[in-house]
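Q: Fold the following.
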Amino acid sequence: MGERGTLYALDIQAEMLAQLQAKLELPENEDIHNVQLFNRSAYDLPFEFGSLDLVYMITVFQEIPDKEQALKEILRVLKPGGCLAISELLLDPDYPWMSTTARMGLKAGFQIDAMEGSLWNYTVRFKKAA
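A: Coordinates of the predicted model:
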């Protein structure tokens, strides 16, 4: 992200965004000015077609009821060559196998860039075709 980039934090739960906002207001984070919060659904991302470099989901993908629609929307907003990274932790009650996550991304039209981790936690990185 650096000084020129922007981090967009999106969540359907306003309470989660309020927690993040409180952390951003702590003295140790006073130099962070490039975070924008959005209380929105994964089905209606507030970004233009092909405008994002990266979408990163940590233990949230399995919480989305219509995963196919969410992946379709992510594909829309990613730039060609952009990355979707999905991380999962075994302690999450909705934990999916790495192969399940990979299969869903492939079905949605992504290409697998890397699959890293273990049974305990993993990240599958997808790329949007250039």
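Q: Now do the host helix or strand of I86: which elements does it pack against?
A: If you go by DSSP states H and E, I86 is part of strand 78-89. Applying 3 or more CB pairs under 8 Å, 6 or more residues apart in numbering; DSSP states H and E, we find strand 78-89 packed against strand 52-58, helix 98-107, strand 121-127. Quick note: C-beta positions are derived from backbone N, CA and C, even for glycine.
Q: strands paired with the last one, and their directions?
A: What that stands for is strand 121-127. strand 78-89 (antiparallel), strand 111-117 (antiparallel) (DSSP bridges).
Q: for those, which one ends up most surrounded?
A: strand 78-89 (a mean of 18; mean count of other CB atoms under 10 Å).
Q: can you pull the pLDDT of the residue of the chain lying at maximal distance from its centre?
A: Distance from the C-alpha centroid of the chain, by CA atoms, centre = their mean, peaks at P27 (26.7 Å). Listed pLDDT for P27 reads 96.
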